[in-house]
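Trainee: got a predicted structure plus its sequence, pasted below:
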Amino acid sequence: MLLYMKNKILFILFILIYSCTYTQNTRDMQSRHSITRNNDPGQYPIELSSEDWKNKLEPMQYHVLREAGTERPFTGIYYQNKDAGIYYSAATGQPLFASEAKFDSGCGWPSFFEPITEGSILYRKDTTHGMIRTEIIDSSSGSHLGHVFDDGPPPTGLRYCMNSAAMIFVKNGAAAPALVKEYMEKNASEEERKAVAEFTGEL
């Protein structure tokens, strides 16, 4: 009986110490690496029903883009991609990042230090999983892309941590898929058209 009580007390002490340590580590991580932005209007140029999104997207794409899911680290198809080109939203075909902004962060997900245009990304506060983070979404449909942190390289000091499933990569010189062509023809802003043309050399 005494041995049982002793083990029980030790177990409770372990839980308390672990909880305090975890909370402090979480707070430290938030203070060092999180940024707070929130400019999500809640309405977007392209809006579909959940059923239409499910019919349009692959299961993993839907989970990430529409349910704010996350790929397992080091598994995304673009994690180690080093080709020159542009990354577009897999939901709408909106241009998001140029390959020249991609860097190896070692975090397990594709990382970029700035979007291709300022207006292509929107930000919203994310308080899930006991942390305060900044979620990033595409401005064309409000689809989840990943999160942004303040531990990136110069010149921005930011790390846009992306899910590969949220993107479509088009290598310079390759034909763009129908989704990208349709967005660029019907929905792209002048800033987006100019940025894509300048990067690809198709002025």
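Mentor: Noted; the coordinates are in hand. Worth saying up front: this structure is predicted, and the values here are computed from it rather than measured. Numbers count the residues shown, from 1 in each chain.
Trainee: quick one: the helices in this structure?
Mentor: Under the criterion DSSP state H, the chain contains helices at 2-33, 50-56, 59-67, 178-186, 190-200.
Trainee: give me the contacts around the fourth one.
Mentor: Okay, so that is helix 178-186. Outside helix 178-186, the residues within contact range by CB atoms under 8 Å, 6 or more residues apart in numbering are 88, 90, 92-95, 140, 168, 170, 176, 192-193, 196. Any C-beta I mention is one placed from the backbone N, CA and C, and that applies to glycine too.
Trainee: now do the buried residues in that helix.
Mentor: L179, V180, Y183, M184 (16 or more other CB atoms under 10 Å).
Trainee: could you find the closest non-adjacent residue to the third one?
Mentor: In space, and not counting its chain neighbours, Y183 is closest to G93: 3.3 Å by CB to CB, 6 or more residues apart in numbering.
Trainee: list the contacts of the most centrally placed residue in the chain.
Mentor: Centroid-nearest residue in the chain: G146, 1.9 Å away (criterion: CA atoms, centre = their mean). Counting by CB under 8 Å, 6+ apart, G146 touches T70, W109, E135, I136, Y160, C161, M162, N163, A166.
Trainee: turn those residues into CSV, columns for distance to N38 and neighbour count.
Mentor: Shown next, in CSV, are the contacts of G146 (distance: CB to CB, whole Å; neighbours: other CB atoms under 10 Å):
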residue, distance to N38, neighbour count
T70, 20, 16
W109, 22, 22
E135, 9, 20
I136, 11, 25
Y160, 16, 25
C161, 18, 23
M162, 19, 26
N163, 20, 24
A166, 20, 28
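Trainee: from those, which single one is nearest I121?
Mentor: Here the nearest of those to I121, counting by CB to CB, is I136; it sits at 5.2 Å.
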